Structure formats: C-alpha cells, structure tokens
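Student: quick one, structure for this:
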Amino acid sequence: MISHIFFDIDNTLYPKSSRLLKEVDTEISQFVASYLSVSVDEAKKMRQNRGSAYATTYAWLSGEHGFGDIDAYMEAVHPRNIEDFLLKNPDLPRTLKALGRRLFVLTNAPIEHALRVLEYLEIDGCFEHIFDLKQNRYIGKPDKDIMKKNVLEAGGTPETSLLVDDMPGHVLSFMEMGGYGLVVDEDGDYEGPLPRIGSVLELTRDGINSLEGSYLAHYGGGSR
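Tutor: Residues are numbered from 1 along each chain as shown. As a prediction, the model looks like this:
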C-alpha cells in the first residue's frame, strides 16, 4: 500500500508550460558565458559540445574549468522572480491535501529554490520534509542509494512509496528499487511503458488506490 508520496518540483508541481525551468537553463548559459568570458551563444554551444559529456553543467565547469563554488552557482542559476512564470492555483493545495498520504518533496534543486516555489504556490504546508540537492550532498536523482536513503529517512520503504516526477529516468530508477512511479507528461511526449499523468491535478485518493491495483496486476506483487 502506498503510504508515502515523493514529489519532484520543477515541471511537476507546476506545469512545464510555465517556462520557469527554461529560465533556469537560460541563467545557466549566462553564468557559463560570464565565467568563461564568452558570448551567451558560444556558452550554449560549449554546453552542447562539451558539457553534454557530463551529468550537469556544473560538473563540466568543475571538471574542465576548475570552477568549485557550487553554492554560488546554484544561487545564480535559480531565478528569484518566480512570480513572472508561475500562476497560483487553489486546486493544487486542495488536490495534495486530499490524497490522504504522507507527502514529501524530492528535488535535484537546492533548498532555497524549493522553498521559494512551494511558498509562492502556497503548498509548503502540504509536505512533511524537503529532500533537496544540498541535503543529499549534491547527489541527486536518479541515484538509487540517495533515493532509498531519503525514503527510509521519511519513515517509509520503497515498496510503500510513490515518486511523481517529470523525468522518466528518475521514475524508472525509483521503480527499479521497488517503488511505485508516475511520469508527469504535460505535452504527451512520453511514449514509454511507465504510468503517466498530464498534471498533478489529476491525482486523487481513488486514483492512487487504482495505481496500487494496476501494479499488483502487472507485477504480481513482485519487484517493481
């Protein structure tokens, strides 16, 4: 039975169409341009050509250009003017509170960004704890050891936990360690086998119960 639900933040608790995460990407290119003293267009090309070989742009800057202030990087690339991108929706807190489970945040963003978004959307009171990138020693999803550690710290087990995330790779990794998963796919682009929803506003208590049943039918109660 699902007792714990872990939510990603960006493009999950708010829609991808808000373009907030797109703004983060823009800020990253501007940061790279400033640090390497190149144009923004050149920074974008460098991220594509060399940065793509690394898990993150920060890892590339650290590995090839000697940059080491991750806190400064995170502060610079996460915009403060989130009200320019996000719309408050009174249905969101109502939806989350009606799920009847213990709710947590599991994000690859730093705590400052997480709190900024949750407070603006007026859903910070819906969650018992935020597991952010800093708390996880800058090791994020889809690392199974980190995710399992967070689940256990929340008082759950993988077998009683659900991850709701817009990244199929994160969801798949969570399922591979024995958990439930849902991909948030606003645009309908995801064509894989994982369960999907278009928005967190589609979540209901009955829907979670149905998800448990469909998993049992599909996996026969074995490892997910």
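Student: and T26, what does it touch?
Tutor: Taking Cβ atoms under 8 Å, 6 or more residues apart in numbering, we find T26 in contact with no residue. All C-beta spots, glycine's among them, are computed from the backbone N, C-alpha and C.
Student: in stretch 63-74, what counts as buried?
Tutor: Of the residues in stretch 63-74, 67, 70, 73-74 count as buried by neighbour count, 16 or more other Cβ atoms under 10 Å.
Student: next one: stretch 74-86
Tutor: Applying 16+ other Cβ under 10 Å to stretch 74-86 flags 74, 77-78, 82, 85-86 as buried.
Student: closest one of the residues you listed to A53?
Tutor: Set against A53, the nearest of the buried residues of stretch 74-86 by Cβ to Cβ is V77 (19.4 Å).
Student: how does this structure divide into domains?
Tutor: By the assignment in automatic domain parsing, the chain contains the domains 4-16+88-219, 20-77.
Student: tabulate the ones you listed (a markdown table), appending mean pLDDT.
Tutor: Formatted as a markdown table, the domains of the chain follow (pLDDT from 0 to 100):
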| stretch | mean pLDDT |
| --- | --- |
| domain 4-16+88-219 | 94 |
| domain 20-77 | 94 |
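Student: most tightly surrounded among those domains?
Tutor: domain 4-16+88-219 (a mean of 18; mean count of other Cβ atoms under 10 Å).
Student: strands - which of the buried residues of stretch 63-74 land there?
Tutor: Using DSSP state E, no member of the buried residues of stretch 63-74 falls in strands.
Student: quick check: the gap between G198 and M46.
Tutor: Noted for G198: a distance of 35 Å to M46, by Cβ to Cβ, to the nearest Å.
Student: before we move on, what about S34?
Tutor: S34 is 13 Å from M46, where distance means Cβ to Cβ.
Student: and stretch 44-51, how far out from the chain's middle?
Tutor: 23 Å (Cα atoms, centre = their mean, to the nearest Å).
Student: show me the contact partners of that stretch.
Tutor: 28-29, 32, 36, 38, 57, 60, 64.
Student: what's the most distant pair in the residues you listed?
Tutor: For the contacts of stretch 44-51, with distances taken as Cβ to Cβ, the pair at the greatest spread is S29 and E64 (16.3 Å).
Student: tell me which of the buried residues of stretch 63-74 is nearest to K144?
Tutor: Distances from K144 to the buried residues of stretch 63-74, taken by Cβ to Cβ, are shortest for I70, at 22.3 Å.
Student: and the gap between the closest one and T57?
Tutor: I70 is 11 Å from T57, by Cβ to Cβ.
Student: ok, R47 next?
Tutor: When distance is defined by Cβ to Cβ, R47 is 6 Å away from T57.
Student: repeat for K44
Tutor: If you go by Cβ to Cβ, the gap between K44 and T57 works out to 11 Å.
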